[in-house]
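> test case, fold it:
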Amino acid sequence: MDKYMKVPMGKEDILSLKSGDYVYLTGTIYTARDAAHKRMYEALTNGEKLPIDMKDTMIYYMGPSPAREGRVIGSAGPTTSSRMDKYAPALLDLGLGGMIGKGKRSQEVKDAVVKNKAVYFAAVGGAGALLSKSIVASEVVAYDDLGTEAIRKLEVKDFPVIVVIDASGNDLYETAITEYRSEA
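Residues are numbered from 1 along each chain as shown. Down below sits the predicted model:
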């Protein structure tokens, strides 16, 4: 089912999503990859404030390529999500609304998604140039020294994602395999 939703998203909107839904996001999301997650985790460990408020925020696991002339961002494809798995539960516990990436997540992340009524979306890997067309503004907001891994605030319009893990813990990567095997 196709859904058009505003981000950041409240719990009611997140709870309405089901694994397998096609969703088009419009609003504000943030980027953060490995190095930014490590730095945020260290800040939390040291009792320091994070550079962005996690409440209801969507984090896109992405580090863009340089923007071509006339574009706000370069290719913007997702990074493999499992690289953030050791950091994600702590951010979800702070109110992170969801994550966008590609690939499977650990059981700890799935449990944290359910516990915090969050969502995990997949963006199509290999389609970074197409995904960048849904990004209408990009601004580095933290950790500029990390280059492409800096935290960016993105304004998106109809950014296409698929619900992989919904707030009830349904995991598309598992259910799709089961469905495929039963049809074979």
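
> looking at Ser182 now. What's its pLDDT?
Looking at Ser182, its pLDDT stands at 64.

> before we move on, what about Arg68?
85.

> so Val124 lies in a helix, does it not?
No - going by DSSP: H, G, I helix; E, B strand; the rest coil, the assignment for Val124 is coil, not a helix.

> that one: neighbour count?
14 (other C-beta atoms under 10 Å). Backbone N, C-alpha and C define where each C-beta goes, glycine included.

> low pLDDT regions in this protein?
Across the chain, the ranges flagged by pLDDT under 70 are 178-184.

> mind jotting down where the strands sit in it?
2-7, 22-31, 58-60, 98-101, 119-122, 135-142, 151-165 (DSSP state E).

> Thr175 is nearest to which of those?
Among those, strand 151-165 comes nearest to Thr175, with 9.9 Å by C-beta to C-beta.

> what's the angle between the closest one and strand 135-142?
Per axes from the mean of the first three to the mean of the last three C-alpha atoms, to 10 degrees, the angle that strand 151-165 makes with strand 135-142 is 120 degrees.

> list the buried ones in strand 151-165?
Ile151, Arg152, Leu154, Glu155, Val156, Phe159, Pro160, Val161, Ile162, Val163, Val164, Ile165 (16 or more other C-beta atoms under 10 Å).

> pretty sure the fourth one contacts Thr28?
Pointing back at Glu155 there. Yes - the pair Glu155 and Thr28 qualifies as a contact (C-beta atoms under 8 Å) at a distance of 6.1 Å.

> so what's Lys115 closest to, chain neighbours aside?
Leu92 (7.5 Å; C-beta to C-beta, 6 or more residues apart in numbering).
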